[in-house]
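Asks: Dropping a prediction and its sequence here:
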Amino acid sequence: MLCNCFGVLPLATPYQHPSRSLSVIPCPPDKRREALLHLAAAHEPALQPMLSTALKGMTDASDEQWQGLLVSYQNAQLNGAIWVQRLPGNMARLWLPRVLASPSAEEKPLHMLLDAAHQWVKTHPIRLCHVELAPQAAETEALVLEHGMQRLVHLDHLVGRVDLISQSDQRLPLNTGAPLSLQPLSGLSSAEQLDLLAKVGRHSLDSPALRDILSVEELLAGFYHQDPQAPQHWYAVSYQQAVVGVLLLAPRPALGRWELLLMGLTPEWRGQGLGRALLNKAMSVAQQSGVAEIMLAVDERNLPAKRIYQQAGFKSFAQQRLFAWKSEGERRESTK
């Protein structure tokens, strides 16, 4: 039996509500275009590119894959939409409804859509359904918290120049003369890759709440989803004939940048200046590709990492808060 947290009716298809004039149902196929225009992201310039990317991935999607798109109807008129976008690794992303100038008139369908989306998530094998909010979205933050989401992580988005790293003041000074080396991550077996990622994540300050929920396999699937060229620019990091860390880079041609998806060391090799050396390596690899900048997102509480990035000249250009509905099940352990 599902936990009826918000007093909504048990999940059904179509969704039903005591009100005769107001209901939430899965979006009919012929109404998808109209429904998508009711999403907030369709009208927010900062979110439009991400929504466009998500929709490109749905070009050949079946009706079943669109089941997470829900719409509200009142007096036979479609007046709202919400979309649970399924992602690899038992994850999902929530695209919120658009709220217009008179929120009081839309309060009821807005809450119904969120209730219905939450119920939909709970009836599917989704371990984590997240939404991304800007720090200034206080009202929306209160709304998603009211509907059972939990604070997951506050990310600081940074960008740094790599076309200047040949200048001495742009390179991070190193405490060790022994060089790091990079080998393709694909050179490791699947089990070795998962073991390395698990070690890198152990006691990490980078999004610990996320790592507590998702298995290493699920995290890796998420990285693959973010990088169409993966694992072309993914590396195992070696030092003194030992594999000591991982570096995942992803080209972003539309932005003219590369993105640093993951950079980390295993616990026994931290605190020795290798993080600085690894960031130098990452910037050099990006520079050799011809791009001028590299971007990344870092947990605001990961102060050691932020300090290194700042010393390398990275600047903040955006902040983002992630909230999520989390599965109540236990995290699946990594395959050994």
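Replies: Right, received. Where do you want to start?
Asks: can you give me the strands for the stretch 51-200 of the chain?
Replies: Applying DSSP state E, counting those that start in this stretch to the stretch 51-200 of the chain gives strands spanning 69-74, 77-87, 91-95, 128-133, 150-161, 181-184.
Asks: Now distance to W234, mean pLDDT and mean neighbour count too, for the ones you listed, in CSV please.
Replies: C-beta: built from backbone N, CA, C; applies to glycine. Shown next, in CSV, are these (distance: least, CB to CB, whole Å; pLDDT from 0 to 100; neighbours: other CB atoms under 10 Å):
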stretch, distance to W234, mean pLDDT, mean neighbour count
strand 69-74, 32, 96, 22
strand 77-87, 19, 96, 21
strand 91-95, 19, 96, 22
strand 128-133, 22, 95, 21
strand 150-161, 20, 96, 18
strand 181-184, 7, 97, 14
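Asks: so what's the closest residue to L113 other than its chain neighbours bridging to?
Replies: Among residues not flanking L113 along the chain, I82 sits closest, at 4.2 Å (CB to CB, 6 or more residues apart in numbering). Assessed by DSSP bridges, I82 has beta-bridge partners L70.
Asks: who's in contact with I82?
Replies: By CB atoms under 8 Å, 6 or more residues apart in numbering, the contact list for I82 reads 39, 69-70, 94-97, 113-114, 116-117.
Asks: Let's see that with 6 Å instead.
Replies: By CB atoms under 6 Å, 6 or more residues apart in numbering, the residues touching I82 are 70, 97, 113, 117.
Asks: And it, how far from R252?
Replies: Separation of I82 from R252 (CB to CB, to the nearest Å): 28 Å.
Asks: how about the nearest residue to K108, chain neighbours excluded?
Replies: Once flanking residues are discounted, K108 sits nearest to L22: 6.4 Å by CB to CB, 6+ apart.
Asks: which residues of the stretch 101-250 of the chain fall in helices?
Replies: 103-122, 138-146, 190-201, 208-213, 216-226 (DSSP state H, counting those that start in this stretch).
Asks: Output those in CSV; the columns should cover mean pLDDT, mean neighbour count and distance to V285.
Replies: CSV is the format used below for the helices of the stretch 101-250 of the chain (pLDDT from 0 to 100; neighbours: other CB atoms under 10 Å; distance: least, CB to CB, whole Å):
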stretch, mean pLDDT, mean neighbour count, distance to V285
helix 103-122, 85, 19, 38
helix 138-146, 94, 14, 37
helix 190-201, 97, 18, 18
helix 208-213, 87, 16, 25
helix 216-226, 92, 18, 17
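Asks: Go through the ones you listed and name the closest to I308.
Replies: When the helices of the stretch 101-250 of the chain are compared by CB to CB, helix 190-201 sits nearest I308, at 15.8 Å.
Asks: just to revisit the earlier point, adding distance to P267, write the helices of the stretch 101-250 of the chain out as TSV.
Replies: Formatted as TSV, the helices of the stretch 101-250 of the chain follow (distance: least, CB to CB, whole Å):
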stretch	distance to P267
helix 103-122	34
helix 138-146	34
helix 190-201	7
helix 208-213	14
helix 216-226	15
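Asks: just so I know, which of the ones you listed lies nearest V246?
Replies: helix 190-201 (5.3 Å).
Asks: between the closest one and helix 216-226, how big is the angle?
Replies: Per axes from the mean of the first three to the mean of the last three CA atoms, to 10 degrees, the angle that helix 190-201 makes with helix 216-226 is 90 degrees.
Asks: Only the C-alpha atoms, please, for helix 190-201, written as PDB.
Replies: Extracted in PDB, the C-alpha atoms of helix 190-201 (Å, rounded to 0.1, in the frame of the first residue of the first chain):
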ATOM      1  CA  SER A 190      33.600  -3.100 -15.700                       C
ATOM      2  CA  ALA A 191      34.200  -4.500 -12.200                       C
ATOM      3  CA  GLU A 192      37.400  -2.500 -11.900                       C
ATOM      4  CA  GLN A 193      35.700   0.700 -13.000                       C
ATOM      5  CA  LEU A 194      32.900   0.300 -10.500                       C
ATOM      6  CA  ASP A 195      35.400  -0.500  -7.700                       C
ATOM      7  CA  LEU A 196      37.400   2.600  -8.600                       C
ATOM      8  CA  LEU A 197      34.400   4.800  -8.600                       C
ATOM      9  CA  ALA A 198      33.300   3.400  -5.300                       C
ATOM     10  CA  LYS A 199      36.700   4.100  -3.700                       C
ATOM     11  CA  VAL A 200      36.700   7.700  -5.100                       C
ATOM     12  CA  GLY A 201      33.300   8.200  -3.600                       C
END
